[in-house]
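Undergrad: Prediction below, plus the sequence it came from.
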Amino acid sequence: MPFGVAVFAIAFSFGVLARPVMGSVAPIVMSVVVFSGAAQFGALAVLTAGGSTAAAIAAGVLLNARYAAMGLALAPSLRGKALSRAAFAMTTVDASWAAASVGDGTFDPWYMVGVSIPQYTGWVAGTIAGVLVGPRLGSPNALGLDALFPAFFLALLFEEARGTKRLVAAGGGAGIALVLTPLVPAGLPILAAAAAAVAAARVKA
Amino acid sequence: MTAIWLMIAALALATAVLKLVGPLALGGRPMRAGAFAIVEMLASALLAALVVVETFGHGRSLTVDARVLGVAFAAVALWRRAPMTVVVVGAAAVTALARLVS
């Protein structure tokens, strides 16, 4: 399963980079209970740059706001009692949600679970390995792990930014963040980029 | 350290709520069209912001260093439809190599 390898590598670098900032236990617990690459890396990026915890939380929540839209799309495909619908919904991650899309607007919930389980396993195992091995690696930057961050975000963006409106949102978000980085405290440029989403939503596609 | 645990709890809770709000609370009722349109755009805007800040940011200043080469590799790899593993591991390898030779 090629995607499992990528998930392990990404989680590994999360463990390596998060340990100096968050300690040994917190990164692993975070991978177990949050299980979201975008939110975890986004929050860590804000903390590493010296941003506040509040800004880190806000960045993570805004990055994961897409789950609300994904959940709305998924909802009609989930049957049964509320508890069972909730259980299926909780397994949603980007890759499994996309993989479970049948193509006519509906989803195969069991297929989604089947993709999510190896992803979860790889994510938690990779984080543990990163936390444990990280201190023996020397400088994470010598391994280029600081470039793995933006490469991962770019990969997510590449999947996400389809269509004119999303490209406008992406271009606007990048521009806002570049302009604001020298001007305001760390973390805020990422949050301010949300303004580009509000603007792009008004663009006629 | 307490702040870190608070952050983890808040993000775990918020992520769960965001995943569940569609299938449970809305119960088939549509979200207000305007709000839905903005939610759909948020990920693109924030991911693009993270790409540029993590590529060029150095504290509160902007720099061009070896990370740019790694991210450029990632962009070409994505464009050529390379697997995710190649994209992220390759980006790190290119950056590490550039630092080694410079």
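TA: Looks like it came in fine. Numbers count the residues shown, from 1 in each chain, chains lettered A, B, ... in the order given.
Undergrad: which ones are touching the residue nearest in space to the middle of chain A?
TA: Centre of chain A computed as the mean C-alpha position; nearest residue by C-alpha atoms, centre = their mean is A:Ala38, 1.4 Å away. Residues in contact with A:Ala38 (C-beta atoms under 8 Å, 6 or more residues apart in numbering or on different chains) are A:Gly60, A:Leu63, A:Asn64, A:Asp94, A:Phe153, A:Leu156, B:Ala43, B:Leu47. Where you see a C-beta, it was placed from the backbone N, CA and C, and this is true even at glycine.
Undergrad: now, which of the residues you listed lie within strands?
TA: Among these, none falls in strands (DSSP state E).
Undergrad: What does the pLDDT read for the most centrally placed residue in chain B?
TA: Note on chain B: the residue nearest the mean C-alpha position is B:Leu47, at 4.4 Å, using C-alpha atoms, centre = their mean. Note on B:Leu47: pLDDT of 90.
Undergrad: leaving aside the residues next to it on the chain, what's closest to it?
TA: Counting by C-beta to C-beta, 6 or more residues apart in numbering or on different chains, B:Leu47 lies nearest to A:Leu157, which is 4.1 Å off, once chain neighbours are set aside.
Undergrad: Pull the number of nearby residues for the one you found.
TA: The burial metric for A:Leu157, expressed as a neighbour count using other C-beta atoms under 10 Å in any protein chain shown, is 25.
Undergrad: picking that back up, among the contacts of A:Ala38, find the lowest-pLDDT one for me.
TA: By predicted confidence, those are weakest at A:Asp94, whose pLDDT stands at 81.
Undergrad: Just give me the longest helix of chain A.
TA: For chain A, the longest helix by residue count, based on DSSP state H, is helix A:109-133.
Undergrad: What residues sit buried inside that helix?
TA: Of all the residues in helix A:109-133, those buried under the rule 16 or more other C-beta atoms under 10 Å in any protein chain shown are A:109, A:112-113, A:115-116, A:119-120, A:122-131.
Undergrad: Let me know whether it sits next to chain B.
TA: No: among the residues of helix A:109-133, none lie within reach of chain B under C-beta under 8 Å from any C-beta of the partner chain; the closest is 10.0 Å away.
Undergrad: for that helix, the distance to its chain's centre please.
TA: Going by C-alpha atoms, centre = their mean, to the nearest Å, the spacing between the C-alpha centre of helix A:109-133 and its chain's C-alpha centre is 14 Å.
Undergrad: Name the residues that touch it?
TA: A:1, A:3-5, A:7-19, A:24, A:27-28, A:30-32, A:35, A:37, A:74, A:77-78, A:88, A:91-93, A:95-97, A:99-100.
Undergrad: ok, which stretches of chain A are strands?
TA: For chain A, no strands turn up when DSSP E is the criterion.
Undergrad: Serialize the contacts of A:Ala38 to TSV and add fields for distance to A:Gly51.
TA: Conversion of the contacts of A:Ala38 to TSV gives the following (distance: C-beta to C-beta, whole Å):
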residue	distance to A:Gly51
A:Gly60	12
A:Leu63	14
A:Asn64	17
A:Asp94	24
A:Phe153	16
A:Leu156	20
B:Ala43	20
B:Leu47	17
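Undergrad: Now go through those and say which are in helices.
TA: When helices are assigned by DSSP H, the members of the contacts of A:Ala38 inside them are A:Gly60, A:Leu63, A:Asn64, A:Asp94, A:Phe153, A:Leu156, B:Ala43, B:Leu47.
Undergrad: Just to check, the third one is in contact with B:Ala14?
TA: What that stands for is A:Asn64. Yes: taking C-beta atoms under 8 Å as the definition, A:Asn64 is a contact partner of B:Ala14 at 6.7 Å.
Undergrad: Which residue of the two possesses the greater neighbour count?
TA: A:Asn64 (26 against 21).
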